[in-house]
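Visitor: can you look at this prediction? I've put the sequence above it.
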Amino acid sequence: MSSPIRAFEPKLQTNVNGSSTLTFSIYYRYYDEDAEDYFNHPYIQYLVNERKIKLRYGALGEPGTKWYDFIIKNIEENSEKKTFTYTA
């Protein structure tokens with residue numbers, strides 16, 4: 001995905017007890033090359049603690065594709081890099 005609002009540094013970890021942990025980061029301000037300006041990330045207001053998110057792991061319709069349900073448990077802000085890091 002090449003969108004400026006994409007998540008980056010995703011990490012999916014399966015724990016010994018069968019549960020999974022997802023960690024990812026997003027910029028809360030991004031540069032839109034078409035508009036040549038900075039904008040606030042449109043999904044920040046929806047990514048809050050205890051919010052359910054879904055992850056599709058694999059290509060849509062392919063055998064072996066898995067869907068995961070996660071609950072956001074931790075949000076860390078980095079003001080130097082202008083990012084939020086989510087743990088679900």
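Guide: Arrived safely.

Visitor: rest of the way, CA atoms for contacts and neighbours
Guide: Will do.

Visitor: which parts of stretch 44-62 are buried?
Guide: For stretch 44-62, the neighbour count (16 or more other Cα atoms under 10 Å) marks no residue as buried.

Visitor: who touches it?
Guide: Contacts of stretch 44-62 with the rest of the structure, by Cα atoms under 8 Å, 6 or more residues apart in numbering, involve 28, 64-75.

Visitor: narrow the residues you listed to just the buried residues.
Guide: Here, 16+ other Cα under 10 Å leaves 28, 70, 71, 72, 75 buried among the contacts of stretch 44-62.

Visitor: how about stretch 75-83: buried residues?
Guide: For stretch 75-83, by 16+ other Cα under 10 Å, it's 75, 83.

Visitor: avg pLDDT for it?
Guide: Averaged across stretch 75-83, pLDDT comes to 92.

Visitor: what's next to it, contact-wise?
Guide: Against stretch 75-83 from outside (Cα under 8 Å, 6+ apart): 25, 26, 27, 28, 29, 48, 49, 84, 85, 86, 87.

Visitor: in a markdown table, list these along with secondary structure and distance to residue 36.
Guide: Formatted as a markdown table, those follow (DSSP: H, G, I helix; E, B strand; the rest coil; distance: Cα to Cα, whole Å):
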| residue | secondary structure | distance to residue 36 |
| --- | --- | --- |
| 25 | strand | 23 |
| 26 | strand | 19 |
| 27 | strand | 17 |
| 28 | coil | 17 |
| 29 | strand | 13 |
| 48 | coil | 29 |
| 49 | coil | 32 |
| 84 | strand | 23 |
| 85 | strand | 26 |
| 86 | strand | 28 |
| 87 | strand | 31 |
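
Visitor: what's the weakest-modelled helix or strand in this protein?
Guide: strand 29-32 (a mean of 85; mean pLDDT, DSSP states H and E).
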